[in-house]
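S.K.: the following comprises the amino acid sequence and a computationally predicted model.
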Amino acid sequence: MADTKAKNPGAGASRQEPDPSPITLLEKIRSRGRAWEDLAVQYGVTNPDPPWKVSMFSTCEALAIRDCLETLDRRASEDDLSETLYRDIPQPERQLMALAHTMIRRGLVDEDELERRMRQVHERLTSA
Amino acid sequence: MKRSHHAEKSTGKGDPQCFKGEAGPAKFKVGDRVRIKNLPDIFYTRCQVYTRGAEGTVAVVTHESPAPEDEAWDNTDKPEWFYIVRFKQKDLWSDYPSAYPNDSVQTEFSERWLEKA
Amino acid sequence: MAEKHKAAPMVDEVSDFEILEAAVRELAIEKGLFTADDHRRFTEFAHSIGPLPAARLVAKAWLDPKFKKLALEDGVKASLQVGIDWLNPTGFGTPSDYTDLRVLEDTAKVKHVVVCTLCSCYPRPILGHSPEWYRTPNYRRRLVRWPRQVLAEFGLQLPADVEIRVEDSNQKCRFMVLPMRPAGTDGWSEEQLASIVTRDCMIGVALPHPDRKQDDKRPIHPAVHPIQHDHGHDHAHGH
């Protein structure tokens, strides 16, 4: 085995390349959104993870078990986007952005539909 | 949406345990020297590129399961034996520091990827 | 009590990220990509897991040679004795939690460390969620190639004659490390021993120490060797 430079340890699975171009809705979230690490400091909360993180994981698991988005495929897409488009966003927000990006690009959810739903969720969560 | 059928098959039994007894006799045993075939990548594989063409030793005969290349297509008809193969680092990376000759990597393969070395 | 009870601290602000998470989940359920019940069961599972059962397995193996033999021969059966049923970890099968647990025994001459270079396979039912750094490309793509450098970043330096054996977890086996029992723990109970077996010790990037009950906080390093993308293509590694 002479040629070591051709072998990336991450290589093995062949998979679909994600489209790394920015998505308007997610760019808006990037500019407005406040990450948990900031919020936690401001409100003096010691929990290292935002409450929605477990829910996001469950969404990923459920997408995998129903054959909508295979785990390895999602992870590959997440890796790519984490090193490019979303590299400046802290975790776990970065993973969420990558998930939403992948779901939009794969046609699992529609960008406009997602934006409408976000408005509804916002009203619900802030009107109480 | 329907659950993938192997998920149903494995409920309560575990996966890969649910394929036990379906692969026939294992071709290799612990201690055998094997080479990783350099097969072309098809749609999907979990055989790492860095092991292709390398020689190693069978460390564990693990279990029977469909190969990922088949299972990705939901084809679970032909389970194979799986093996953990141990490689010397220097057999994988020619520039691995010679100060650590014992260092190793081991990883798992389905039988189709292995040939006698 | 002089001091009044304060309400548990909470963040009184709804962030756009929180809204995005909820919107994605709700839409996915409405579109029938998965059911609300799927989501609930995974969330219950996620809240129920952690590294304690694996720590107990290690402590038991240190104390009881018969149990250690069982753990090395049949990790799934041994797990039952610490309360983990691999064959039914969530109460329903999951494609990302395969169920063949292998316990890797460290010796004076062999040190195991686990990685999944392809994604981030991890023995979740017994060890809980993988840490952030375990899932980073930086760890996954470098450990098989430069293990001593990566372990040194974790503060672990090993003599040259110790074999560092990297286990690349790429199929349906899941792996945890059975580290060596450290000196200074004579006469300790199973509970005392389990308290020093941290998650990082069972991934293999740390060694148990009688004074250490928590993993150090691990900085998420940017890649030392810049990473190229590897989707079925070969790329040169800068070294």
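M.R.: Sure thing, it's come through. Numbers count the residues shown, from 1 in each chain, chains lettered A, B, ... in the order given.
S.K.: can you find the helix or strand in chain A with the smallest mean pLDDT?
M.R.: Averaged element by element with mean pLDDT, DSSP states H and E, chain A has its least confident helix or strand at helix A:36-43 (a mean of 83).
S.K.: show me where chain A has its helices.
M.R.: Per DSSP state H, chain A carries helices over the ranges A:24-32, A:36-43, A:53-65, A:71-83, A:93-105, A:111-127.
S.K.: cool, chain B as well?
M.R.: B:5-10, B:68-71, B:89-92.
S.K.: repeat that for chain C.
M.R.: According to DSSP H, the helices that chain C contains are C:16-30, C:36-48, C:52-63, C:65-73, C:75-80, C:124-127, C:132-135, C:137-142, C:147-153, C:190-195, C:199-203.
S.K.: tilt between the least confident helix or strand of chain A and helix A:93-105?
M.R.: Put simply, helix A:36-43 runs at 130 degrees to helix A:93-105, going by axes from the mean of the first three to the mean of the last three C-alpha atoms, to 10 degrees.
S.K.: and helix A:36-43, does that touch chain C?
M.R.: Yes - contact between helix A:36-43 and chain C is present through A:36, A:39-40, A:42-43 (criterion: C-beta under 8 Å from any C-beta of the partner chain). Quick note: C-beta positions are derived from backbone N, CA and C, even for glycine.
S.K.: reformat the helices of chain B as TSV; add mean neighbour count, mean pLDDT and distance to chain C.
M.R.: As requested, the helices of chain B are exported to TSV (neighbours: other C-beta atoms under 10 Å in any protein chain shown; pLDDT from 0 to 100; distance: least, C-beta to the nearest C-beta, whole Å):
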stretch	mean neighbour count	mean pLDDT	distance to chain C
helix B:5-10	17	62	4
helix B:68-71	20	84	7
helix B:89-92	20	96	8
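S.K.: what about the closest residue to C:Phe67 other than its chain neighbours, how many residues nearby?
M.R.: Residue nearest to C:Phe67 in three dimensions, not counting chain neighbours: C:Lys60, with 4.9 Å by C-beta to C-beta, 6 or more residues apart in numbering or on different chains. Neighbours of C:Lys60 under the rule other C-beta atoms under 10 Å in any protein chain shown: 20.
S.K.: do C:Ser15 as well
M.R.: C:Ser15 has 20 nearby residues by other C-beta under 10 Å.
S.K.: can you count the residues close to the spatially closest residue to it that is not a sequence neighbour?
M.R.: Of all residues beyond its chain neighbours, the one nearest C:Ser15 is A:Arg34 (4.8 Å), with distances taken as C-beta to C-beta, 6+ apart. Using other C-beta under 10 Å, A:Arg34 has 16 other residues around it.
S.K.: show me what contacts A:Arg34?
M.R.: By C-beta atoms under 8 Å, 6 or more residues apart in numbering or on different chains, the contact list for A:Arg34 reads C:13, C:15-17.
S.K.: from these, which is closest to chain A?
M.R.: C:Asp16 (3.6 Å; C-beta to the nearest C-beta).
S.K.: I figured that closest one hits A:Gly33, correct?
M.R.: Yes - at 3.6 Å, C:Asp16 counts as touching A:Gly33 under the criterion of C-beta atoms under 8 Å.
S.K.: number of nearby residues for residue 81?
M.R.: I went with chain A, as the question did not name one. 24.
S.K.: let me rephrase: I mean chain C.
M.R.: Neighbours of C:Gln81 under the rule other C-beta under 10 Å: 15.
S.K.: residue ranges with poor pLDDT in chain A?
M.R.: Judged by pLDDT under 70, chain A has its weakly predicted residues at A:1-18, A:128.
S.K.: do that again at 80, thanks
M.R.: A:1-19, A:44-48, A:72, A:128 (pLDDT under 80).
S.K.: what's stretch B:62-74 in contact with?
M.R.: A:70, B:4-6, B:15-17, B:19-23, B:42-46, B:75-84, B:108, B:110, B:112, C:100, C:102, C:171-173.
S.K.: need the buried ones from these selected in PyMOL.
M.R.: This is the PyMOL syntax for the buried subset of those, where burial follows 16 or more other C-beta atoms under 10 Å in any protein chain shown:
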select buried, (chain A and resi 70) or (chain B and resi 4+6+15+16+17+19+23+44+45+46+76+79+80+81+82+83+84+108+110+112) or (chain C and resi 100+102+171+172+173)
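S.K.: in contact with the residue nearest to C:Phe67, which residues?
M.R.: With C-beta under 8 Å, 6+ apart, C:Lys60 has these contacts: C:67-68, C:71, C:81-82, C:190.
S.K.: closest to chain B out of the residues you listed?
M.R.: Nearest member of these to chain B, counting by C-beta to the nearest C-beta, is C:Ala71, at 14.7 Å.
S.K.: gap between the closest one and chain A?
M.R.: From C:Ala71 across to chain A, the span is 27 Å (C-beta to the nearest C-beta, to the nearest Å).
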